[in-house]
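**Q** Next input, structure requested:
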Amino acid sequence: MILHVPHSAREIPAAVRAGIVLDDVALERELDHITDAHTARLAELAAGLAAVAPWRFVNRLSRLVVDPERFPDDREEMAAVGMGAVYTRTTHREVLRPADADPAPLVERWFHPYARAMTEAVAGRLAATGRAVVVDVHSYPSAALPYELHGAGPRPPVCVGTDAFHTPPGAARLAREAFARCGETGLDSPFSGTYVPLEFYGRDTRVTALMVEIRRDTYMSEPGGPAGPGLDRLAEALAALVDGLTDRP
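**A** Numbering: from 1, shown residues only. Just a heads-up that it's a prediction; the model follows:
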């Protein structure tokens, strides 16, 4: 079991910051909107509550450095709004980096090492136990932001993202049961899909994957404020999901 937290951090190395055109105030505002605030803490709390503590794989850098969950090639649909592996546009479709900025150095320095480390983590679980379960931990705003390609659909308190190859029906059912205490739990809206390292993606059924998207107003002050008491309730639900998926054959 791996709890994967890719978008919780705000840190941007100075060399990367130099390539971002926003001033400091605008950058902080963008980080408020784009960061899945408090999700690392959510995963930490859930791990402490679970019967068997899961591994946690937590990105320590902002997704404005690179987004490790994007395809690094033409398969990535979010490239249409300037949000491929290296973002060139903001959540409000404003310029983040110059249009002629070369993404290759950032992909080489940050994206590929992250992908290799996550691949090794999943391979390690497969070698040790014969299977690997990756649960992505995300959050999303209560109101759609301009960058969202599929923001017109339902925005339930909890959205479970699935993949036709890597998400067995029983796994999605366990997620909906675990989070029932937190309000309505929907599937694949406003965000869908899961994260699986490309070495295993669409190839290895021993890798199970789910994405858990928490609507931010259920546990924090939007857009980038402090967490509230809802975080503890969500941590209990996530721990219940971890326990259910750990026990599932």
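**Q** alpha carbons only for contacts and neighbour counts from here, please
**A** Fine.
**Q** State the three-state secondary structure for the residue of the chain most remote from its centre.
**A** Here the chain reaches farthest from its C-alpha mean at residue 100, the gap being 27.4 Å by Cα atoms, centre = their mean. Following DSSP: H, G, I helix; E, B strand; the rest coil, we place residue 100 in the coil state.
**Q** Got the phi and psi for it?
**A** phi -90, psi 10 (degrees, to the nearest 10).
**Q** for residue 210, same thing?
**A** With angles defined as degrees, to the nearest 10, residue 210 sits at phi -140, psi 150.
**Q** Hmm, it is touching residue 164, no?
**A** No - using Cα atoms under 8 Å, residue 210 is not in contact with residue 164; the gap is 10.7 Å.
**Q** Quick check: which element contains residue 240?
**A** Residue 240 belongs to helix 230-247 when elements are defined using DSSP states H and E.
**Q** What score does the most centrally placed residue in the chain have for pLDDT?
**A** Residue closest to the average C-alpha location in the chain (Cα atoms, centre = their mean): residue 138, at 4.2 Å. Model confidence at residue 138, given as pLDDT, is 98.
**Q** Work out for me the element it sits within.
**A** According to DSSP H and E, residue 138 maps onto strand 132-140.
**Q** which secondary structure elements does that strand contact?
**A** Applying 3 or more Cα pairs under 8 Å, 6 or more residues apart in numbering; DSSP states H and E, one finds that strand 132-140 contacts strand 2-5, helix 39-49, helix 112-129, strand 207-215.
**Q** So what are the sheet partners of that strand and their directions?
**A** With DSSP bridges as the test, strand 132-140 is paired with strand 2-5 (parallel), strand 207-215 (parallel).
**Q** for the ones you listed, which one ends up most surrounded?
**A** Each of these was scored by mean neighbour count; the highest is strand 207-215, a mean of 25, by mean count of other Cα atoms under 10 Å.
**Q** Stretch 30-45: which residues count as buried?
**A** Residues of stretch 30-45 classed as buried by neighbour count (16 or more other Cα atoms under 10 Å): 30-45.
**Q** CA atoms of it as CSV?
**A** Output in CSV follows, covering the C-alpha atoms of stretch 30-45 (Å, rounded to 0.1, in the frame of the first residue of the first chain):
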residue,chain,number,x,y,z
GLU,A,30,-1.4,30.9,-7.7
LEU,A,31,0.1,28.5,-5.1
ASP,A,32,-3.1,29.0,-3.0
HIS,A,33,-5.2,27.8,-6.0
ILE,A,34,-3.0,25.0,-7.4
THR,A,35,-1.7,23.4,-4.2
ASP,A,36,-3.6,20.4,-2.6
ALA,A,37,-3.1,22.0,0.8
HIS,A,38,-2.9,19.7,3.9
THR,A,39,-3.0,16.5,1.9
ALA,A,40,0.4,15.4,3.2
ARG,A,41,-0.9,15.9,6.7
LEU,A,42,-4.1,14.0,5.8
ALA,A,43,-2.0,11.0,4.6
GLU,A,44,0.2,11.2,7.7
LEU,A,45,-2.8,11.1,10.0
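**Q** re earlier: quick one, which of the helices and strands packed on strand 132-140 is nearest to residue 68?
**A** The closest of these to residue 68 is helix 112-129. By Cα to Cα, the value is 6.9 Å.
**Q** Which other helices and strands does that closest one contact?
**A** Judged by 3+ Cα pairs under 8 Å, 6+ apart, helix 112-129 is in contact with strand 132-140.
**Q** just checking, next helix/strand downstream of the strand it packs on?
**A** strand 158-161.
**Q** That next one pairs with which strands?
**A** Within its sheet, strand 158-161 is paired with strand 185-187 (parallel), strand 207-215 (antiparallel), according to DSSP bridges.
**Q** Need those in TSV (columns: distance to residue 114).
**A** What follows is the strands paired with strand 158-161, written out as TSV (distance: least, Cα to Cα, whole Å):
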stretch	distance to residue 114
strand 185-187	28
strand 207-215	18
